[in-house]
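In: please find the sequence and the predicted model below.
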Amino acid sequence: GGRENDSGETSSNGAAARGAYRVERRLRVVTAQARVAKKVSTLHDSCRADVVAGLLAHKVIAASREEGAAEARLLLRDWLAILTANYNE
């Protein structure tokens, strides 16, 4: 009875198994249920500003790569105007 290493090979003294490592990348996915807000003001109050800013930053970066910096700037201005208008309703 020898020991089995990560590659499935058996060695009697474990020497071959010492240097045999396998690197795995894993992605953990979590599903969470959230209640639906009944009023827009409740939704705005529950939003985290840092998360919204991060999402907008990612959208602007993606737009700048696809359409250029000038178009990304216009999109950001529009998104912020819409966000502000909806917040003030």
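Out: In hand now; what should we look at?
In: could you list the low-pLDDT ranges of this protein?
Out: 1-18 (pLDDT under 70).
In: tell me which residues are up against whichever strand or helix holds Gly54.
Out: Using DSSP states H and E, Gly54 maps to helix 49-67. With contacts defined as C-beta atoms under 8 Å, 6 or more residues apart in numbering, helix 49-67 is touched by Glu71, Ala72, Arg73, Leu75, Leu76, Trp79, Leu80, Leu83. Any C-beta I mention is one placed from the backbone N, CA and C, and that applies to glycine too.
In: would CSV of these with neighbour count be doable?
Out: Below are those laid out as CSV (neighbours: other C-beta atoms under 10 Å):
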residue, neighbour count
Glu71, 12
Ala72, 18
Arg73, 13
Leu75, 17
Leu76, 16
Trp79, 15
Leu80, 11
Leu83, 14
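In: between the residues you listed, which is closest to Arg35?
Out: Leu83 (22.1 Å; C-beta to C-beta).
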